[in-house]
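Peer 1: Task: produce atomic coordinates for the following.
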Amino acid sequence: MTEAQNQVVPGTEGVELPRDEPVLRIEGLVKHFPIKRGVLRRRQGVVRAVD
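Peer 2: The predicted structure is shown next:
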């Protein structure tokens, strides 16, 4: 994973962001992890982490 860095963009010091709105909104995100078994590592199923 990558590490986030805190950086201040010049000219934005002291700017307040609205707290009642999300910072990031994602729709339609899907993440599945395949379950593989056997010598040939064939896919036997899937784990749905986000659907």
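
Peer 1: Relative to the centre of the chain, pull out the residue lying furthest away.
Peer 2: residue 39 (31.8 Å; Cα atoms, centre = their mean).

Peer 1: How much space separates that one from residue 33?
Peer 2: Here residue 39 is placed at a distance of 20 Å from residue 33 (Cβ to Cβ, to the nearest Å). Any C-beta I mention is one placed from the backbone N, CA and C, and that applies to glycine too.

Peer 1: So what touches stretch 34-51?
Peer 2: If you take Cβ atoms under 8 Å, 6 or more residues apart in numbering as the criterion, stretch 34-51 is touched by 29, 30, 31, 32, 33.

Peer 1: Top of those residues by number of neighbours, please.
Peer 2: residue 32 (12 neighbours; other Cβ atoms under 10 Å).

Peer 1: Identify the residue nearest that one in space, chain neighbours excluded?
Peer 2: Using Cβ to Cβ, 6 or more residues apart in numbering and skipping the chain neighbours, the partner closest in space to residue 32 is residue 46 (4.7 Å).

Peer 1: Just the mean pLDDT for the helix or strand hosting that neighbour, thanks.
Peer 2: Assigned by DSSP states H and E, residue 46 belongs to strand 42-50. For strand 42-50, mean pLDDT is 86.
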